[in-house]
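1. Have a look; sequence and predicted model below, questions after that.
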Protein chains: 2
Amino acid sequence: MNYPTTINNLIECFKKLPGIGSKTAERLALATLNLPDEVIDVFTDSIKNVKTNTKRCKKCNSFCENDLCDVCQDEGRDHSTLCVVEDPKNVILFEKVGTYKGIYHVLDGLISPLDGITPDDINIESLLKRIKNDNINEVIIAVKPTIEGETTSLYISKLLEKEKVTVSTIAHGIPLGSDMEYMDSLTLEIAIQDRKRISENKE
Amino acid sequence: MNYPTTINNLIECFKKLPGIGSKTAERLALATLNLPDEVIDVFTDSIKNVKTNTKRCKKCNSFCENDLCDVCQDEGRDHSTLCVVEDPKNVILFEKVGTYKGIYHVLDGLISPLDGITPDDINIESLLKRIKNDNINEVIIAVKPTIEGETTSLYISKLLEKEKVTVSTIAHGIPLGSDMEYMDSLTLEIAIQDRKRISENKE
């Protein structure tokens, strides 16, 4: 004896999501049984329509519901500063912080020779086009500091060497509020190396 | 700027499931975007129909797709031994082990005065009816060893005192393969108290 077919199907679907194993999938499927009908309706509608309703901004490639995203449409933002991120989730992350007033460019991936992802597979060509045509003054590369991130960062900065733009990368170092003891040696190394001067020797 | 409405709705739905917080819900919703269309179809159908397609067995109250569950329909099983469990999930758990050959009775909850759950709120009346009418020989109470479980177990055993049935409870003690060091004192106490004799003093 096993679960009825519909519950089994639901368990299999939950298992397709990242980080969800058999036990969790079972728990989630059984919990779905107890959801109120109105939640069930929104749930099925959302899953059914999430792919078709979620478009990508024609300019920066982040999530939007129309042709352009809210950031690209906003006249009040600094359209000469461009922040390059890996995926649309990062745009939402920075927007939640709320202090960055420039615009974005979503790469949709990072260069990874091991996984066969070359510069042609991510949105680097459209980035170059924007920089050439859109009066961009500064490009901030904000990708994660992994091998793939560093490779992508290096590739973009090499590519932009001849363009009239300032290229910068987000600061790496000790996160605020964290315990020094638990930091890895590479982060500690870069924290010393990229130290910030507070005052000068006045002698 | 935030996620498009459909993604936001999906995040809210995932958050309604137990153990899913904001960050996980976000991750799951974004992963749903990348699911193949055929999985999306099965997923929406399953969520939509899981409540209506999942019936409860008219005899034992566990999950089934028709009127009676596979266990109750199985003539080969021992219909005189009845295992009392908290919910349908436990039936599947025991069935996966595969050694128990009796039938089940699903209480659908445990007595919990603090949460206002009285014996009338769970399927104890139908249990009594089955014991009186169905030639039950032994009742095995297999509920979790918490305050609620112990209360329910005690209530059922008191109720069955006058009936012609053997009442037993599943064994409590040290789980196989576990480290004694990490056991709580109550479990250690019960493990000593309920010790199993291996050989007798032959003097």
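-> On my side now, so go ahead.

2. all contacts plus neighbour counts: C-alpha atoms, from now on.
-> OK.

3. So, low pLDDT: which residues of chain A?
-> Residues of chain A that meet the criterion pLDDT under 70 lie in A:1.

4. Pick out the residue in it sitting closest to chain B.
-> Closest to chain B within chain A is A:Thr44: 4.8 Å, counting by CA to the nearest CA.

5. What residues does that residue make contact with?
-> By CA atoms under 8 Å, 6 or more residues apart in numbering or on different chains, the contact list for A:Thr44 reads B:Phe43, B:Thr44, B:Asp45, B:Ile47, B:Lys48.

6. Counting neighbours, what do you get for the fourth one?
-> Residues near B:Ile47, counting by other CA atoms under 10 Å in any protein chain shown, number 23.

7. Name the SS class of it, please.
-> helix (DSSP: H, G, I helix; E, B strand; the rest coil).

8. Within range of chain B, give me the residues from chain A.
-> A:1-4, A:6-7, A:9-10, A:13, A:16-18, A:28, A:31-33, A:35, A:39-51, A:53-54, A:63-65, A:70-71, A:92, A:95-96 (CA under 8 Å from any CA of the partner chain).

9. taking these one by one, which sit in strands?
-> A:Phe63, A:Cys64 (DSSP state E).

10. ok, of the residues of chain A next to chain B, which come out buried?
-> Buried members of the residues of chain A next to chain B, counted by 16 or more other CA atoms under 10 Å in any protein chain shown: A:3-4, A:6-7, A:9-10, A:13, A:16-17, A:28, A:32-33, A:35, A:39-40, A:42-48, A:50-51, A:53-54, A:63-65, A:70-71, A:92.

11. and stretch A:18-33, how far from the chain's centre?
-> 26 Å (CA atoms, centre = their mean, to the nearest Å).

12. I meant to write stretch A:138-155 there.
-> Worked out by CA atoms, centre = their mean, stretch A:138-155 lies 12 Å from the chain centre.

13. which residues of chain A fall in helices?
-> For chain A, the helices defined by DSSP state H cover A:5-15, A:22-33, A:37-53, A:70-73, A:88-97, A:124-133, A:147-159, A:185-193.

14. To B:Ile141, which of the ones you listed lies closest?
-> Of all the helices of chain A, helix A:22-33 sits nearest to B:Ile141, with 22.9 Å by CA to CA.

15. That closest one vs helix A:37-53, what angle?
-> Calculated by axes from the mean of the first three to the mean of the last three CA atoms, to 10 degrees, helix A:22-33 forms an angle of 120 degrees with helix A:37-53.

16. who touches helix A:22-33?
-> By CA under 8 Å, 6+ apart, helix A:22-33 touches A:Ile7, A:Leu10, A:Ile11, A:Glu12, A:Phe14, A:Lys15, A:Ile40, B:Leu17, B:Pro18, B:Ile47, B:Val50, B:Lys51.

17. The first one contacts B:Val50, doesn't it?
-> Yes: A:Ile7 is within contact range of B:Val50, at 6.2 Å (criterion: CA atoms under 8 Å).

18. need the contact list for the nearest residue to A:Asp41 once chain neighbours are set aside.
-> Once flanking residues are discounted, A:Asp41 sits nearest to B:Lys48: 7.2 Å by CA to CA, 6 or more residues apart in numbering or on different chains. Going by CA under 8 Å, 6+ apart, B:Lys48 touches A:Ile40, A:Asp41, A:Thr44.

19. how close does A:Leu128 get to A:Ile122?
-> 12 Å (CA to CA, to the nearest Å).

20. When the two are compared, which one has more neighbours?
-> Between A:Leu128 and A:Ile122, A:Ile122 has the larger neighbour count (other CA under 10 Å), namely 18 against 15.

21. OK, contacts around that one?
-> So A:Ile122 contacts A:Leu107, A:Asp108, A:Gly109, A:Leu110, A:Ile111 (CA under 8 Å, 6+ apart).

22. and the second one, how many residues sit next to it?
-> Per other CA under 10 Å, the neighbour tally for A:Asp108 reads 15.

23. Identify the residue spatially nearest to it, adjacent ones excluded.
-> Using CA to CA, 6+ apart, the closest residue to A:Asp108 is A:Asp87 (4.9 Å).

24. How many residues are close by that neighbour?
-> 18.
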